[in-house]
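Participant: only geometry, no sequence info:
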Ligand code: FPP
């Protein structure tokens with residue numbers, strides 16, 4: 001499928017990506033896991049630029065899950081400092097990139113310095129009209145649903161589907177259409193559980209640091225061929 005055909009047909013409004021395989025990519029090239037994560041962060045930056053240029057509406061990426069704290073302490077420290085470094089880069093380039101950037105997840109567990117940067121980035125980009133980029137940090141789909149339901153319960157509001165939905169971290173985003181997972185794994189791993197109820201799934205063997213816009217076009221081409229019935233006939 002050529003790029004032109006894809007861009008002329010309806011695009012998924014909201015794409016979620018589970019960026020998996022940084023560690024295996026590093027191993028393949030006999031490098032440290034840290035190098036894999038850094039290459040993964042660069043791959044994300046390139047993809048965001050290309051998707052924005054193509055007019056995609058919204059991308060949500062899984063940068064750090066509520067379960068990732070269980071990793072080796074040094075790896076957690078490295079991932080957090082890498083995320084901090086890239087949040088700063090997104091701040092520096094906010095005007096030029098024109099993307100609206102939001103962080104989803106429970107940010108209360110993050111270091112104060114990182115939380116301040118995130119707040120600054122969100123404020124700085126809130127009126128941008130390029131692609132909406134949601135970065136999931138300390139994010140878990142189950143945790144998100146519990147937080148939304150607790151909010152309703154605490155405020156004496158009936159727990160309904162629309163009530164929960166309007167208190168999810170993605171309440172500001174269009175409905176999720178497509179979830180992509182790299183590196184050959186085929187599971188959601190607690191990513192956008194509620195939102196993925198009727199999203200299309202696409203898995204590829206490509207390791208995240210090697211993922212390019214051409215791979216995204218492959219996923220979108222598949223999406224455009226699917227018959228979505230949302231439970232109806
Ligand atoms: C999974 O690969 C990847 C992660 C847990 C981290 C994802 C983070 C990035 C792509 C970079 C940082 C993001 C931003 C926003 C700057 P893995 O380590 O589980 O790989 P493996 O399964 O091959 O070991």
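Facilitator: Perfect, I can see it now. Since this is a predicted model, take the numbers as computed values, not measurements.
Participant: okay, CA-based contacts and neighbour counts for the rest of this
Facilitator: OK.
Participant: excluding its backbone neighbours, what's nearest residue 149?
Facilitator: Once flanking residues are discounted, residue 149 sits nearest to residue 164: 6.0 Å by Cα to Cα, 6 or more residues apart in numbering.
Participant: helix, strand, or coil at the one you found?
Facilitator: helix (DSSP: H, G, I helix; E, B strand; the rest coil).
Participant: who's in contact with it?
Facilitator: Shown in contact with residue 164 (Cα atoms under 8 Å, 6 or more residues apart in numbering): 145, 148-149, 152.
Participant: do you know the pLDDT at it?
Facilitator: Residue 164 carries a pLDDT value of 98.
Participant: now the contacts of residue 164 as JSON lines including pLDDT?
Facilitator: JSON lines is the format used below for the contacts of residue 164 (pLDDT from 0 to 100):
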{"residue": "145", "pLDDT": "98"}
{"residue": "148", "pLDDT": "98"}
{"residue": "149", "pLDDT": "98"}
{"residue": "152", "pLDDT": "98"}
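Participant: which among those residues gets closest to residue 184?
Facilitator: residue 145 (27.1 Å; Cα to Cα).
Participant: ok, that closest one touching residue 169?
Facilitator: No - using Cα atoms under 8 Å, residue 145 makes no contact with residue 169, being 9.0 Å away.
Participant: check what pLDDT the residue in the chain sticking out farthest from the centre gets.
Facilitator: Most distant from the centre of the chain: residue 156, at 31.5 Å, with distances by Cα atoms, centre = their mean. Among the per-residue scores, residue 156 shows a pLDDT of 97.
Participant: could you tell me how far it is located from residue 149?
Facilitator: Residue 156 sits 11 Å away from residue 149 when distances are taken as Cα to Cα, to the nearest Å.
Participant: do residue 187 as well
Facilitator: The value you get for residue 187 to residue 149, if Cα to Cα is used, is 24 Å.
Participant: between these two, which one's more packed in?
Facilitator: Taking other Cα atoms under 10 Å, residue 187 and residue 149 do not tie; residue 149 has more neighbours (22 against 11).
Participant: name the SS class of that one, please.
Facilitator: helix.
Participant: residue 172 versus that one, what's the distance?
Facilitator: 17 Å.
Participant: how about residue 73?
Facilitator: For residue 73 relative to residue 172 (Cα to Cα), the value is 33 Å.
Participant: thinking residue 114 is in contact with residue 86, fair?
Facilitator: No - taking contacts as Cα under 8 Å, residue 114 lies outside contact range of residue 86: 10.8 Å.
Participant: which strands and helices lie in contact with the longest helix along the chain?
Facilitator: Of all the segments of type helix in the chain, defined by DSSP state H, the longest one is helix 33-54. Helix 33-54 sits against helix 22-28, helix 73-92, helix 213-225, with contacts defined as 3 or more Cα pairs under 8 Å, 6 or more residues apart in numbering; DSSP states H and E.
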